[in-house]
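Student: have a look; sequence and predicted model below, questions after that.
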Amino acid sequence: MYPSSLQQLIDSFKYLPGIGEKTAERLAFAVMNMDEERIEQFSDSLKNVKKNIHRCPICNSLTDLENCSICSNKSRDNTVLCVVEDPKSVFLFESLGLFNGKYHVLKGLISPLDGISPEDIELEKLIDRVKKESFKEIILAFKPSIEGETTSLYIKRILGDMNLSITKIASGIPIGADMEYIDALTLERALMDRKTIE
């Protein structure tokens, strides 16, 4: 129906997560309405992100430097390590400005049903790092799911013999949520993680 180059652009947009046929068409027409300079900038951005962005060799997060800015920052707390499942989580925590420790990014979470083992998420790299550096606390910051729980328990078992505190972020009912819309797993976690009112 469309000219081949336009159809190719529409098909390319459909590679992106959450983009269906209609959204891909809208994006393709939006690109067609851009001026030449904006198109060049858009094209260069796509090429540069693929060419320049790589995993930090220390923490596994994304960077365009040799080591990421967090690992290179001498003012960060070297005694606390926050372990997350993907680089997006690092950027989320950093945007809040509440955490001043170091991070370690896994390549996902353990999921036996999906055939994802500890080796697949590079847990060995985390263990080596914990052995080499002098952390006092490891914070496990995974989503509250079966996979998150499985990964947390596995890490706790492996690092349990080391002289450090292993904690995980609290989970439960979000502020302002209606109780009738809370799923059973979230409600169970909220009950288990209840705290004394001070």
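Tutor: Cool, got the structure.

Student: can you give me the distance of the residue nearest the centre of the chain to Ala190?
Tutor: Residue closest to the average C-alpha location in the chain (Cα atoms, centre = their mean): Asp86, at 2.5 Å. Distance of Asp86 to Ala190, computed by Cβ to Cβ, to the nearest Å: 24 Å. The way it works is simple: take the backbone N, C-alpha and C, and place the C-beta from them, glycine included.

Student: next one: Lys156
Tutor: Lys156 is 21 Å from Ala190, by Cβ to Cβ.

Student: Ala24 now?
Tutor: Taking Cβ to Cβ, one finds Ala24 at 40 Å from Ala190.

Student: neighbour count for these two, which is higher?
Tutor: Remark: of Ala24 and Ala190, Ala24 carries more neighbours, 19 against 16, as counted by other Cβ atoms under 10 Å.

Student: mind giving me the domain split of this structure?
Tutor: Taking automatic domain parsing as the domain assignment, the ranges for the chain are 4-52, 77-168.

Student: for burial, what's the neighbour tally of Arg26?
Tutor: Number of residues near Arg26 (other Cβ under 10 Å) recorded here: 13.

Student: my guess is it is in a helix, correct?
Tutor: Yes: inclusion of Arg26 in a helix is indicated when DSSP: H, G, I helix; E, B strand; the rest coil is applied.

Student: circling back: touching, the residue nearest to the centre of the chain and Leu109? I think so.
Tutor: No: contact criterion Cβ atoms under 8 Å: Asp86 and Leu109 do not qualify, at 9.1 Å.

Student: residues touching Ala184, list them.
Tutor: Listed by Cβ atoms under 8 Å, 6 or more residues apart in numbering, the contact set of Ala184 is empty.

Student: for the longest helix along the chain, which outside residues touch it?
Tutor: Of all the elements of type helix in the chain, the one with the most residues (DSSP state H) is helix 36-52. Helix 36-52 is touched from outside by 31, 34, 64, with contacts defined as Cβ under 8 Å, 6+ apart.

Student: at 7 Å instead, please
Tutor: Among residues not part of helix 36-52, those counted as contacts by Cβ atoms under 7 Å, 6 or more residues apart in numbering are 31, 64.

Student: what do you get for stretch 74-87?
Tutor: 61-62, 70, 90, 93, 99-106, 108-109, 126, 133-142, 155.

Student: how about stretch 138-151?
Tutor: Here stretch 138-151 makes contact (Cβ under 7 Å, 6+ apart) with 80-85, 89, 109-111, 130, 152, 155, 159, 164, 166-169, 171, 185-186, 189.
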